[in-house]
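Have a look; sequence and predicted model below, questions after that.
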Amino acid sequence: MTDSLIAEVRREQIILACIDTLEEVGYNNLSLTKVAKKAKISTGLISYHFNDKLDLMNHTLHFLVSKQHDFISSKVILAQSAAKQLEIFIEAHLAYQETHYKHTIALIEIVFNARNEEDVPYYRMEEENDEDALRMMLLEILKVGQQNGEFTESFQTEIVASFIIGAIEERMLKANSSIPVENYSDELIKMIKRLIV
């Protein structure tokens with residue numbers, strides 16, 4: 001293994017330990033010492049790969065949203081129509097939350113508790129990131145569906161996209177819901193189809 005590959009593997013090991021620690025103790029109780037203990041390495045080794053806690057959080061957030069985006073886009077790309085892509089987008093997004101519970105919790109912890117160097121909470125930042133890439137994917141599906149006649153032109157894509165993302169994120173915040181994720185997904189798809197078809 002080359003040195004750069006070893007470093008990449010080590011960084012991912014630390015990020016995965018960070019995700020586990022976020023899920024167990026939350027952002028406010030997380031320390032590099034706890035992450036190091038979880039990763040079974042020294043705190044100094046974390047400091048070698050990441051400048052500080054904020055740097056580790058930035059890399060962890062990027063890792064989380066990239067994994068989520070890759071999971072969803074790999075399924076959406078296989079569909080031949082905008083209508084099917086929309087269904088798969090919703091199903092895959094909800095399924096990811098269900099099957100990657102620790103990742104979902106870690107994402108929530110970072111987005112709602114971390115702050116950047118200017119002390120701005122992450123959820124108030126308007127930078128381009130992979131989370132925006134998911135929204136852009138959804139907007140593209142809706143626009144293509146309107147252009148090719150699968151969807152009516154009587155709705156604003158931005159508003160419908162916000163509605164869909166909001167409903168998906170609401171489920172993320174209620175992971176212990178008594179409603180099975182498949183039922184939630186089916187009902188959401190039915191509601192959206194009534195709005196756009």
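Ah, there it is.

Could I get the full set of helices for this structure?
3-25, 32-39, 43-49, 53-76, 82-99, 101-113, 130-147, 157-173, 181-196 (DSSP state H).

low-confidence ranges in the chain?
Scanning the chain for pLDDT under 70 picks out 1, 125-131, 175-176.

if we go to 50?
128-130 (pLDDT under 50).

tell me, what residue is most central in it?
Taking C-alpha atoms, centre = their mean, the centroid of the chain lies closest to residue 65, which sits 4.1 Å from it.

Make sure that one is actually in contact with residue 107.
Yes: counting by C-beta atoms under 8 Å, residue 65 touches residue 107, with 7.2 Å between them. C-beta here means a position set from N, CA and C on the backbone, and glycine is covered the same way.

re the thing from before, kindly reformat the helices of the chain as TSV and extend each row with distance to residue 124.
Output for those, formatted as TSV (distance: least, C-beta to C-beta, whole Å):
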stretch	distance to residue 124
helix 3-25	20
helix 32-39	25
helix 43-49	27
helix 53-76	14
helix 82-99	23
helix 101-113	10
helix 130-147	13
helix 157-173	16
helix 181-196	27
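
residues making contact with stretch 11-21?
Identification of contacts with stretch 11-21 by C-beta atoms under 8 Å, 6 or more residues apart in numbering yields 30, 34-36, 38-39, 41, 45-46, 49-50, 56-57, 59-60, 63-64, 102-103, 106.
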